[in-house]
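**Student:** test case, fold it:
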Amino acid sequence: MTDKVKSTLAQSTAARWVVLAIVAFTMMTGYIVAKQVSPLQYYLEQLPADGGMGWTSSEFGFFAGSRGFFNVFFLMLFVSGFILDKKGVRFAGMLSCLLMLGGTVIDYYAIAFMSPVPTMSFFGDTMKVQVLVAAGGFALFGIGYELCGIAVSKVIVKWFTGKEMALAMGLQVALARLGTALALGCSPRVADAFTLSTPLLLGVFFVGLGTVGYLVYCSMDRKFDESNSSTELTDDSDKFKFSDLKSTLSNSGFWLITILCMLYYSSLYPFLDFATKLMITKYSVGADVAGFIPAILPFTSIILTPLFGAMYDNIGKGASIMIIGTIMLTLVLMVFALPLSSTWIAVTAMIVLGIAFSLLPSVLWPAVPKIVPIALLGTAYSIIYFIQNIGLMIVPWVIGKVLDANTTGGNTDYTQAMWVFSGIGVAAIIVAIMLLVMDKRNNYGLELKNNK
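**Tutor:** Now for the predicted structure:
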């Protein structure tokens, strides 16, 4: 950025924190919707006569993985990144909110008004039409959800470069985790108190609020740019250049971060999708409260992610922290694979997993601008999210198949599924170690502190 813009940013402490609060809230509403159906798996798989929809684990896994369908098969994440870099965070952010809202409305319609009876063949599997419509809505939501994540990340980089960037990203992630925790913990209780579709109706309401919030940010951002007689990015170093894109795509450090992100989130988020039913079937927790145990994970990270982000700002050691986080993640997943059925073991493992859930994201996302030019952040994040979505789409479907194959007489054995998750975690450890080696060789600065 130019010295003039940097100087203005330095004088806008209150404004940048208000901006963070607004965009983080918008992202939080997306996280609520992203996980609000996950703790309802047990209910969805009940027979219609018992108030459920008669879904199978494979159908639920297909729905859970559908969020990345358009992003992967129609390359929408690349389109999203290009739109963000060319049109800016205001246009891209509002577009993301409208897509999230539209997708959530479709999901609500499918669960609230469609019958689970009609079925059709889809890629060799017989699935309920209701599942396919809900999956289509979730896939549309996924386009906006990922675009919103990219836009919010670029907003934070814009307003916090040279300042408390990792802390800001940590706080944004913490608020997002609050959304995940609310979805995991409250959706079953809301469904019990009202109807199975009520949590999705609340999702429509929350995303609507997030859209209004982003409108407020757009107004602030426009006035800020006008007051400084500048656009979002002003000097030549901040302009999109295809030469920079070529250097980024040939950067091994960028690809290691991308693969690490995919492996980490592909073992963690799909696990959360299936964790509520795991608590019910393996640890004998009541269906109405089982979601609160997986909710420990995001609640733990709400506090720790900003703290670890602040630590990275002031101490550094980002690549080392990534290694520690992946090791903790993998060990906990292995614990869930063991033949131990104590509820306290499950609770303790979730607390440790919450620490791992805080460690890696608090340093991974602030590490990207150290490798990628700021003008290419939208494109870079879109590539990262694209690869991540491949894992998030495939892994839930695979786990659903594994669980169906290990279900007998209504009883499901999660052992094999948890070893699949653990194997992905081991791969993440290897990639994190490679990233540390590459950082020492190429001096990306991942081990250096952010505050200057």
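**Student:** ranges for the helices of the stretch 251-400 of the chain?
**Tutor:** 252-281, 292-314, 318-337, 343-371, 377-405 (DSSP state H, counting those that start in this stretch).
**Student:** quick one, which of those helices gets closest to residue 222.
**Tutor:** When the helices of the stretch 251-400 of the chain are compared by C-beta to C-beta, helix 377-405 sits nearest residue 222, at 18.6 Å. In short, each C-beta sits where N, CA and C put it, glycine included.
**Student:** give me the helices and strands touching the closest one, please.
**Tutor:** helix 57-65, helix 69-73, helix 76-87, helix 129-160, helix 242-249, helix 252-281, helix 343-371, helix 415-442 (3 or more C-beta pairs under 8 Å, 6 or more residues apart in numbering; DSSP states H and E).
**Student:** between the longest one and helix 292-314, how many degrees?
**Tutor:** With axes from the mean of the first three to the mean of the last three C-alpha atoms, to 10 degrees applied, the angle from helix 129-160 to helix 292-314 works out at 20 degrees.
**Student:** returning to that earlier point: could the helices of the stretch 251-400 of the chain be laid out in a markdown table, adding distance to residue 156, mean neighbour count and mean pLDDT?
**Tutor:** Shown next, in a markdown table, are those (distance: least, C-beta to C-beta, whole Å; neighbours: other C-beta atoms under 10 Å; pLDDT from 0 to 100):
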| stretch | distance to residue 156 | mean neighbour count | mean pLDDT |
| --- | --- | --- | --- |
| helix 252-281 | 17 | 23 | 93 |
| helix 292-314 | 11 | 23 | 87 |
| helix 318-337 | 16 | 22 | 95 |
| helix 343-371 | 9 | 22 | 90 |
| helix 377-405 | 10 | 23 | 88 |
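**Student:** would you turn the ones you listed into JSON lines with distance to residue 444?
**Tutor:** What follows is the helices of the stretch 251-400 of the chain, written out as JSON lines (distance: least, C-beta to C-beta, whole Å):
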{"stretch": "helix 252-281", "distance to residue 444": "5"}
{"stretch": "helix 292-314", "distance to residue 444": "14"}
{"stretch": "helix 318-337", "distance to residue 444": "8"}
{"stretch": "helix 343-371", "distance to residue 444": "5"}
{"stretch": "helix 377-405", "distance to residue 444": "13"}
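**Student:** what's the closest of those to residue 121?
**Tutor:** helix 377-405 (16.2 Å).
**Student:** residue 218 and residue 151: what is the separation?
**Tutor:** Remark: distance between residue 218 and residue 151 (C-beta to C-beta, to the nearest Å) = 11 Å.
**Student:** same thing with residue 133?
**Tutor:** 27 Å.
**Student:** now do residue 223
**Tutor:** Residue 223 is 18 Å from residue 151, by C-beta to C-beta.
**Student:** who has more neighbours, these two?
**Tutor:** Here residue 223 and residue 151 are compared on neighbour count by other C-beta atoms under 10 Å; more neighbours surround residue 151, at 31 against 11.
**Student:** distance check, the more buried one against residue 431.
**Tutor:** Taking C-beta to C-beta, one finds residue 151 at 27 Å from residue 431.
**Student:** right, and residue 282 touches residue 417 too?
**Tutor:** No - in this structure, residue 282 is not within contact of residue 417 by C-beta atoms under 8 Å, at 10.8 Å.
**Student:** who has more neighbours out of the two?
**Tutor:** Using other C-beta under 10 Å as the criterion, residue 282 and residue 417 rank with residue 417 on top: 25 against 20.
**Student:** any stretches of this structure with poor pLDDT?
**Tutor:** Low-confidence regions of the chain, defined here as pLDDT under 70, cover residues 1-11, 228-245, 247, 452.
**Student:** go with 80
**Tutor:** Across the chain, the ranges flagged by pLDDT under 80 are 1-12, 85, 122-125, 161-163, 224-248, 373-379, 409-410, 450-452.
**Student:** and residue 216, how many residues sit next to it?
**Tutor:** There are 15 residues near residue 216, going by other C-beta under 10 Å.
**Student:** how about the contacts made by it?
**Tutor:** Neighbouring residues of residue 216 by C-beta atoms under 8 Å, 6 or more residues apart in numbering: residue 22.
**Student:** quick check: residue 450 is in a helix.
**Tutor:** No - inclusion of residue 450 in a helix is not indicated when DSSP: H, G, I helix; E, B strand; the rest coil is applied; the result is coil.
**Student:** apart from its neighbours in sequence, what residue is nearest it?
**Tutor:** Spatially, and ignoring its direct neighbours in sequence, residue 450 is nearest to residue 313 (4.4 Å; C-beta to C-beta, 6 or more residues apart in numbering).
**Student:** what does residue 218 give?
**Tutor:** residue 90 (4.5 Å).
**Student:** C-terminal to the helix or strand harbouring that neighbour, what's the next element?
**Tutor:** Per DSSP states H and E: residue 90 is located in helix 89-113. Sequence-wise, the next helix or strand downstream of helix 89-113 (DSSP H and E) is strand 119-122.
**Student:** partners of that following strand in the sheet?
**Tutor:** Neighbouring strands of strand 119-122 in its sheet, by DSSP bridges, are strand 125-128 (antiparallel).
**Student:** please save the CA atoms from the partner strand in PDB.
**Tutor:** What follows is strand 125-128, C-alpha atoms only, in PDB (Å, rounded to 0.1, in the frame of the first residue of the first chain):
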ATOM      1  CA  ASP A 125     -27.300 -44.300  -6.300                       C
ATOM      2  CA  THR A 126     -31.000 -44.100  -5.500                       C
ATOM      3  CA  MET A 127     -31.700 -41.000  -3.500                       C
ATOM      4  CA  LYS A 128     -34.700 -39.100  -2.200                       C
END
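**Student:** quick one: buried residues of it?
**Tutor:** By neighbour count on 16 or more other C-beta atoms under 10 Å, the buried set for strand 125-128 is 127, 128.
**Student:** ok, now stretch 49-56?
**Tutor:** Applying 16+ other C-beta under 10 Å to stretch 49-56 flags 52, 53, 54, 55, 56 as buried.
**Student:** which other residues reach it?
**Tutor:** 41, 43-48, 63, 111, 116, 128, 130-131, 196, 400, 404.
**Student:** next, the distance between the ends of it.
**Tutor:** One end of stretch 49-56 to the other measures 15 Å (C-alpha to C-alpha, to the nearest Å).
**Student:** sorry, back to before: and for residue 218 and residue 151, which residues touch both?
**Tutor:** Both residue 218 and residue 151 are in contact with residue 93, where contact means C-beta under 8 Å, 6+ apart.
**Student:** list the contacts of residue 80.
**Tutor:** Taking C-beta under 8 Å, 6+ apart as the test, what residue 80 contacts is 71, 92, 96, 143, 146, 147, 150, 378, 382.
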